[in-house]
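Engineer: Pasting the sequence and the predicted model now:
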Amino acid sequence: MSDKSSSGSSHSLHSRGTIGVSSVAAGGTTRKPPAVWTKAEETTFLEFLVLAFPSSGNGGFKMPTFNQASINLNEKYPHQRGAEKTSIVCKNKWTAVLHGVMSREQVSWIERTMSGHASLR
């Protein structure tokens, strides 16, 4: 078996020297700004989901529901802070709501709203 050196390879697993902190910072990945939800946007989003609930089926909300929620938010609030409220952002927001990352005030609002819809019981 021959000993092939990887010194000329761009795919080497060996170190090619020290890395300066400035070079890592300059070449680092950038993230999109997070979506910033106002109380009005959250309320609009949750109201939309309450109205969509009867057609959600047994498995919960599907992506078409979050797509429509995103369109609804972007039409009603064209000048949003932070990242745009895309369907993925809306789905993540709903997941956060389900996992309890919301205030007691929001929970009370959902309970009051859903109790007012006989079709949701």
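Structural biologist: It's in.
Engineer: Hmm, Lys76 is touching Thr44, no?
Structural biologist: Yes. Look at Lys76 against Thr44 with Cβ atoms under 8 Å: they come within range, at 5.9 Å. Any C-beta I mention is one placed from the backbone N, CA and C, and that applies to glycine too.
Engineer: These two: which is more packed in?
Structural biologist: Ranked by neighbour count (other Cβ atoms under 10 Å), Lys76 and Thr44 place Thr44 first, with 18 against 13.
Engineer: do you know how far that one is from Ala96?
Structural biologist: 16 Å (Cβ to Cβ, to the nearest Å).
Engineer: likewise Lys62?
Structural biologist: Separation of Lys62 from Ala96 (Cβ to Cβ): 18 Å.
Engineer: Then Glu41?
Structural biologist: Glu41 is 14 Å from Ala96, by Cβ to Cβ.
Engineer: can you check Ala69 too?
Structural biologist: Taken as Cβ to Cβ, the span from Ala69 to Ala96 is 14 Å.
Engineer: Between these two, which is the more surrounded one?
Structural biologist: Ala69 (26 against 12).
Engineer: helix/strand/coil for the more buried one?
Structural biologist: What DSSP: H, G, I helix; E, B strand; the rest coil gives for Ala69 is helix.
Engineer: That one reaches Glu47, doesn't it?
Structural biologist: No. Contact criterion Cβ under 8 Å: Ala69 and Glu47 do not qualify, at 10.0 Å.
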